[in-house]
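Peer 1: what would the 3D arrangement of this be:
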Amino acid sequence: MVLKDLASSPALDKGLAVIFKYRYTTAAMIFHSLIHPPKVYEFIQNLFGAEKIREKLRRHAGPSENQTILDVGAGTGIYRAAFQSGRYIALELDPKRVNFLVEKRHPALAVVANAAALCFKDKSMDIVLCVFLAHHLSETDFPHLLREVSRVARGKFIFIDPLADSKSWMRKCLWKLDQGHNPRSAETLLSYIQAEFEIEHQEQFKILHRYLLCVATPKHENSPSLRPPPTV
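Peer 2: Purely as a prediction, here's the structure:
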């Protein structure tokens with residue numbers, strides 16, 4: 001086999017694809033281990049646009065005085081600063097991030113729990129945030145999350161998530177490094193959201209990724225909760 005034949009062979013293409021995938025998988029594992037500590041994670045978030053996200057949350061949430069705000073998938077509570085008043089409740093799956101959040105942000109309540117089955121009363125939250133969470137959820141868990149948010153929300157639901165992008169080389173690399181493995185198009189996200197909510201506003205914007213921002217209110221015709229919630 002001559003060099004020209006080798007360069008265009010399916011075997012070589014497959015081999016390069018495996019090497020490419022392995023390199024990014026290894027890089028992603030190293031990257032995740034480096035940014036997992038809450039302080040490092042928060043530093044990275046602030047470095048790459050967290051304040052722009054907070055500005056959008058302030059604008060679309062409106063006055064938060066006397067409001068109960070639920071931050072689903074709160075991480076370290078980095079978006080707490082968008083709400084200078086109100087009762088801020090954080091829900092996060094990672095106990096280390098919750099401990100950091102409690103020490104630094106002093107929420108009214110912090111809960112270590114799965115976002116797909118919320119442990120709150122029906123219509124108990126004035127504002128529910130879901131920021132950079134959806135792409136971590138499967139095709140089963142994401143609809144469950146939306147159904148549960150629709151159940152507990154009595155006011156606004158503010159949703160932000162990065163969009164799938166197969167055209168930008170830089171964004172494809174970012175997705176390789178991301179712990180979330182379920183990027184979706186704007187059309188797909190909106191179709192899921194519209195099943196449970198009336199959409200009042202939607203927009204797309206860019207920082208590193210392209211993002212969808214959606215402000216919606218629950219239809220409140222959804223079926224009962226996925227499990228009986230305890231009183232909070």
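
Peer 1: drop to CA atoms for contacts and neighbour counts, all remaining ones
Peer 2: Fine.

Peer 1: can you give me the strands for the chain?
Peer 2: With DSSP state E as the criterion, the chain has strands at 68-72, 87-92, 109-112, 125-131, 153-162, 197-206, 210-218.

Peer 1: adding mean neighbour count, write those out as TSV.
Peer 2: What follows is the strands of the chain, written out as TSV (neighbours: other Cα atoms under 10 Å):
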stretch	mean neighbour count
strand 68-72	24
strand 87-92	22
strand 109-112	17
strand 125-131	23
strand 153-162	23
strand 197-206	14
strand 210-218	20
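
Peer 1: could those strands go into CSV alongside mean pLDDT?
Peer 2: Below are those laid out as CSV (pLDDT from 0 to 100):
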stretch, mean pLDDT
strand 68-72, 98
strand 87-92, 96
strand 109-112, 96
strand 125-131, 97
strand 153-162, 96
strand 197-206, 97
strand 210-218, 96
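
Peer 1: turn those into CSV, columns for distance to residue 98.
Peer 2: Below are the strands of the chain laid out as CSV (distance: least, Cα to Cα, whole Å):
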stretch, distance to residue 98
strand 68-72, 12
strand 87-92, 6
strand 109-112, 7
strand 125-131, 16
strand 153-162, 21
strand 197-206, 28
strand 210-218, 25
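
Peer 1: worst-scoring helix or strand of this protein, pLDDT-wise?
Peer 2: None of the helices or strands of the chain scores lower by mean pLDDT, DSSP states H and E than helix 3-7, at a mean of 38.

Peer 1: can you give me the helices for this protein?
Peer 2: Per DSSP state H, the chain carries helices over the ranges 3-7, 10-35, 38-47, 50-61, 95-105, 141-152, 169-177, 186-194.

Peer 1: residue 186: which of the strands of the chain is closest?
Peer 2: strand 210-218 (6.4 Å; Cα to Cα).

Peer 1: so what strands line up beside the closest one?
Peer 2: The strands beside strand 210-218 in its sheet (DSSP bridges) come out as strand 153-162 (antiparallel), strand 197-206 (antiparallel).

Peer 1: possible to save those strands as a markdown table with distance to residue 95?
Peer 2: Converted to a markdown table, the strands paired with strand 210-218 look like this (distance: least, Cα to Cα, whole Å):
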| stretch | distance to residue 95 |
| --- | --- |
| strand 153-162 | 23 |
| strand 197-206 | 30 |
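
Peer 1: so for residue 97, which of the ones you listed sits nearest?
Peer 2: Taking Cα to Cα, strand 153-162 is the member of the strands paired with strand 210-218 nearest to residue 97, at 19.9 Å.

Peer 1: run through who's touching the closest one.
Peer 2: If you take Cα atoms under 8 Å, 6 or more residues apart in numbering as the criterion, strand 153-162 is touched by 57, 60-61, 122-135, 149, 183, 209-218.

Peer 1: out of the helices of the chain, which gets the lowest mean score?
Peer 2: Of all the helices of the chain, the minimum mean pLDDT falls on helix 3-7 (a mean of 38).

Peer 1: ok, the residue lying closest to residue 116 once chain neighbours are set aside to residue 66 distance?
Peer 2: Leaving aside its chain neighbours, residue 116 sits nearest to residue 145 (4.3 Å; criterion: Cα to Cα, 6 or more residues apart in numbering). Residue 145 sits 25 Å away from residue 66, going by Cα to Cα, to the nearest Å.

Peer 1: before we move on, what about residue 96?
Peer 2: From residue 96 across to residue 66, the span is 29 Å (Cα to Cα).

Peer 1: equivalent analysis for residue 106, please.
Peer 2: 17 Å.

Peer 1: neighbour count: the two, which is higher?
Peer 2: Ranked by neighbour count (other Cα atoms under 10 Å), residue 106 and residue 66 place residue 106 first, with 14 against 10.
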